[in-house]
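J.: Output the structure for:
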Amino acid sequence: MMTKNFWIAVIVGGVVVNALDFAIMGNVLQNMYFVNMSSMNQTANPLWYIIGDFLAAFVFTWFYDKVYRSFEGGMQGGMKFGIYAGVLVNFPAMIFLHLMFKDYPYSLSWIMTVYGIIWSSILGSVVGKLYVKAASASAA
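T.: Next up is the predicted model:
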């Protein structure tokens, strides 16, 4: 059930990962992409990246809700879930980017894999801190 704290976790998580992506993808890794990939699309509207991060935070929180009882809750449980989710989503998918895209460096594949796991663990910490699932009536 999507409660008030579910939506708070989605919104705050979305803000956090947008800030993280702006700092890392928009500043730290930006030159690595442009130097190595001549076919980068530089005309995409940045609003889509913002929307995408909020959608990712929504899906992440929704899935966390479904497996909530498998983790101890709180920041530590959320981070543990985030690490598992990060490995599931990013490895080995990001490693194969250098095989699919011309001029995509193998080293950047590994950087994106590690960054994706860190990204998920940070989002997991935020969601774990903010989202507390209500006890079901049968558990009471």
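
J.: middle-most residue in the protein, spatially?
T.: When C-alpha atoms, centre = their mean is applied to the chain, the residue found nearest the centroid is Ser120 (4.2 Å).

J.: That one and Lys66, how far apart?
T.: With distances defined as C-beta to C-beta, to the nearest Å, the gap from Ser120 to Lys66 amounts to 16 Å. Just so you know, the C-beta spots here come from the backbone N, C-alpha and C atoms, and that holds for glycine as well.

J.: Which stretches in this structure count as helices?
T.: With DSSP state H, the ranges of helices along the chain come out as 4-23, 30-36, 46-67, 74-90, 97-100, 106-130.

J.: which residues touch the residue nearest to the centre of the chain?
T.: Under the criterion of C-beta atoms under 8 Å, 6 or more residues apart in numbering, the neighbours of Ser120 are 60, 82-83, 85-86, 89-90.

J.: swap the cut-off to 6 Å and go again
T.: For Ser120, the contacting residues are 82, 85-86, taking C-beta atoms under 6 Å, 6 or more residues apart in numbering as the criterion.
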